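[1] Can you look at this prediction? I've put the sequence above it.
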Amino acid sequence: MTELRKRGAGGAGGAGGGDPDSTENISDKEADGEDRLGLPSEGEGDLEGDCKADTPDVPPSSDNTPQCLNKALEGLSSRWKNWWIRGILSVTMIIGFFLIIYLGPLMLIFVVMSIQIKCFQEIITIGYRVYHSYELPWFRTLSWYFLICVNYFFYGETVADYFGALVQREEPLQFLVRYHRFISFALYLAGFCMFVLSLVKKHYRLQFYMFAWTHVTLLIVVTQSHLVIQNLFEGMIWFIVPISIVICNDIMAYLFGFFFGRTPLIKLSPKKTWEGFIGGFFSTVVFGFIFAYLLSQYQYFVCPVEYNSETNRFAVGCEPSDLFVMQEYTLPAVAQNILRWKTVNLYPFQIHSIALSTFGSLIGPFGGFFASGFKRAFKIKDFADTIPGHGGIMDRFDCQYLMATFVHVYIASFIRGPNPSKVLQQLLVLQPEQQLSIFNTLRNHLREKGMLPPAVLEQ
């Protein structure tokens, strides 16, 4: 926020702490009378080499490592102590992840929603900590209101797409689905008007900063959380494998970097090394290939998740698509000479897993680098201190959100064809006259193709 640089270390009315030669160092009048941030004077020891006045102070995160764990590891150096804390908490989270998978799709949806809300809270809290002294009217209230509006829009779209039978049965839902987008827009418009009414002359620019802060957070967190749930409805394997790939890459890159790391990878994350990056890549590709083979054998993981209106539960059962049927592939001549095999039997999804693993290990980490840049901009180590040794929830899901977007685009581009279940759900919410018209059109079309049995033709 260069417009808000502090000019004096002693408070209002002081002179000199900012950069006198900077054209961005504007006067109080030019800033519409905005207060200046109470920042320390510039120094050469800054982590980024930037002016300290560019960044407000944020209270550091506290150490919430359980006392029993601290006591058990008190004899170790800080490096190995952190290694054990991260390791123990990672194993615990992985066990919890598979337990949630066992509880089924509905529980996974609730977990994704909970994680989304926590990530949003962590990012918004940083903004509030930075600017709380300004007492911006309605900042936190409007931020949470916009979160509710955006979730209402996205989850309403999901209900319309995948819960058609339930909507058809419940009259209030029919009204909400029919006018869903208008209601969503009206809710957002109310929040927009509240923001405009909350503008204070003294803080115009700062309020628009925070308005943008909220919307970018919604874009990063809520939109991509919605894509995670969309991937889940395509089949739990499209949810589990990408998430597991990112987890594997995170663990293996850390282990390779911890034991073999020597060459720094990127300045944004000084502890990241080329050895960890490369080791994580190869380990992740192998893991993804094997894990895809294991999950492809079970209908529970490969079938699309559908809502059963008769049982009021999610059903996971189908005839697996060709993607999850073992097929024989002829190896290239070079591979035949090396392996002494002419053919191999693979699930086609295993081949796709290589693409997912490659993205997750080569491009996915840039989500973490982006988060590192954000944290260093505000001089904080972690988004929060929710998970000992790991930081906040957002620290663990920075790469997951980028991966979820890629998977959604990948499915839409290379995998998904017309979804009969989704089309049927949409037909069920139409008026009876519209349904009958579609039925007659489809019947005539099938007759022309000779696909209806004689009994149906006679009727």
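    That came through fine.

[2] Relative to the whole chain's centre, how far out is the host helix or strand of G280?
    Per DSSP states H and E: G280 is located in helix 274-295. Centre-to-centre, helix 274-295 and its host chain are 21 Å apart (C-alpha atoms, centre = their mean, to the nearest Å).

[3] after the helix or strand harbouring L189, next one along is what?
    If you go by DSSP H and E, L189 is part of helix 180-198. Downstream of helix 180-198, the first helix or strand assigned by DSSP H and E is helix 204-218.

[4] avg pLDDT for whichever helix or strand comes after that next one?
    Remark: after helix 204-218, the chain's next helix or strand is helix 224-233, criterion DSSP H and E. On average, the pLDDT along helix 224-233 is 92.

[5] buried sites along the helix holding G280?
    274-281, 283-285, 287-288, 291-292, 295 (16 or more other C-beta atoms under 10 Å). Using the backbone N, CA and C atoms, a C-beta is placed for each residue, glycine as well.

[6] same check, this time on stretch 187-205
    Neighbour counts over stretch 187-205 (16+ other C-beta under 10 Å) mark L187, Y188, G191, F195, S198, H203 as buried.

[7] Which secondary structure state does N444 sit in?
    Three-state assignment for N444 (DSSP: H, G, I helix; E, B strand; the rest coil): helix.

[8] now it: how far from D395?
    58 Å (C-beta to C-beta, to the nearest Å).

[9] CA atoms only: put the helix holding G280 into PDB for me.
    Output in PDB follows, covering the C-alpha atoms of helix 274-295 (Å, rounded to 0.1, in the frame of the first residue of the first chain):
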ATOM      1  CA  TRP A 274      15.900 -28.100  -6.300                       C
ATOM      2  CA  GLU A 275      16.600 -31.500  -4.700                       C
ATOM      3  CA  GLY A 276      13.200 -31.500  -3.000                       C
ATOM      4  CA  PHE A 277      11.400 -30.200  -6.000                       C
ATOM      5  CA  ILE A 278      12.900 -32.900  -8.300                       C
ATOM      6  CA  GLY A 279      12.600 -35.700  -5.800                       C
ATOM      7  CA  GLY A 280       9.000 -34.700  -5.100                       C
ATOM      8  CA  PHE A 281       8.200 -34.800  -8.800                       C
ATOM      9  CA  PHE A 282       9.400 -38.400  -9.400                       C
ATOM     10  CA  SER A 283       8.000 -39.700  -6.200                       C
ATOM     11  CA  THR A 284       4.600 -38.100  -6.900                       C
ATOM     12  CA  VAL A 285       4.400 -39.600 -10.400                       C
ATOM     13  CA  VAL A 286       5.100 -43.100  -9.100                       C
ATOM     14  CA  PHE A 287       2.700 -42.700  -6.200                       C
ATOM     15  CA  GLY A 288      -0.100 -41.300  -8.400                       C
ATOM     16  CA  PHE A 289       0.300 -44.200 -10.900                       C
ATOM     17  CA  ILE A 290       0.100 -46.900  -8.200                       C
ATOM     18  CA  PHE A 291      -2.700 -45.200  -6.300                       C
ATOM     19  CA  ALA A 292      -4.800 -44.700  -9.400                       C
ATOM     20  CA  TYR A 293      -4.400 -48.500 -10.100                       C
ATOM     21  CA  LEU A 294      -5.700 -49.300  -6.600                       C
ATOM     22  CA  LEU A 295      -8.700 -47.100  -6.700                       C
END
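
[10] For it, name the packing helices and strands.
    The contact analysis (3 or more C-beta pairs under 8 Å, 6 or more residues apart in numbering; DSSP states H and E) places helix 274-295 against helix 236-260, strand 264-266, helix 348-362.

[11] Under the pLDDT cut-off, which ranges of the stretch 101-250 of the chain? List them.
    Applying pLDDT under 70 to the stretch 101-250 of the chain flags residues 132-134, 165.

[12] all strands of this structure, in order?
    264-266, 269-273, 306-308, 313-315, 327-330, 343-346 (DSSP state E).

[13] Grab the nearest non-local neighbour of C119.
    Among residues not flanking C119 along the chain, M394 sits closest, at 4.5 Å (C-beta to C-beta, 6 or more residues apart in numbering).

[14] ignore the last one, D250
    C399 (7.0 Å).

[15] Hmm, that neighbour is touching G364, no?
    Yes. If you go by C-beta atoms under 8 Å, C399 and G364 touch, sitting 4.5 Å apart.

[16] Common neighbours of those two, please.
    Residues touching both C399 and G364 (C-beta atoms under 8 Å, 6 or more residues apart in numbering): V246, N249.

[17] can you pull the contacts of the residue nearest in space to the middle of the chain?
    For the chain, the residue whose C-alpha lies nearest the mean C-alpha position (C-alpha atoms, centre = their mean) is Y401; its distance is 2.4 Å. When contacts are counted by C-beta under 8 Å, 6+ apart, Y401 touches I220, V221, Q224, S225, V228, G367.

[18] what would the residues you listed look like in CSV with neighbour count and distance to K375?
    Listed next are these as CSV, based on neighbours: other C-beta atoms under 10 Å; distance: C-beta to C-beta, whole Å:
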residue, neighbour count, distance to K375
I220, 22, 14
V221, 25, 16
Q224, 20, 19
S225, 24, 21
V228, 27, 23
G367, 20, 13
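
[19] Could you dump those into JSON lines and include distance to T358?
    Shown next, in JSON lines, are the contacts of Y401 (distance: C-beta to C-beta, whole Å):
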{"residue": "I220", "distance to T358": "23"}
{"residue": "V221", "distance to T358": "25"}
{"residue": "Q224", "distance to T358": "20"}
{"residue": "S225", "distance to T358": "24"}
{"residue": "V228", "distance to T358": "20"}
{"residue": "G367", "distance to T358": "15"}
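
[20] before we move on, the earlier item: and the buried residues of helix 274-295, which two are furthest apart?
    Farthest-apart pair in these is W274 and L295; separation 31.3 Å (C-beta to C-beta).

[21] Show me the helices in the stretch 351-459 of the chain, by range?
    Secondary structure of the stretch 351-459 of the chain (DSSP state H, counting those that start in this stretch): helices located at 365-377, 393-410, 420-428, 432-448, 454-458.

[22] Where among the ones you listed is average confidence lowest?
    Here the lowest mean pLDDT among those goes to helix 454-458, at a mean of 51.

[23] list the contacts for the nearest residue to W84 once chain neighbours are set aside?
    In this structure, W84 finds its nearest non-sequential neighbour in L73, 5.5 Å apart by C-beta to C-beta, 6+ apart. Residues in contact with L73 (C-beta under 8 Å, 6+ apart) are W80, K81, W84, I85.

[24] do you know how far the residue lying closest to the second one once chain neighbours are set aside is from I88?
    Translated: K81. Nearest residue to K81, sequence neighbours excluded (C-beta to C-beta, 6+ apart): L73, at 4.7 Å. L73 sits 9 Å away from I88, taking C-beta to C-beta as the criterion.

[25] which residues touch the residue nearest to A292 when sequence neighbours are not counted?
    Closest residue to A292 apart from its sequence neighbours, by C-beta to C-beta, 6+ apart: S353 at 3.7 Å. When contacts are counted by C-beta under 8 Å, 6+ apart, S353 touches V241, I245, G288, F289, F291, A292.
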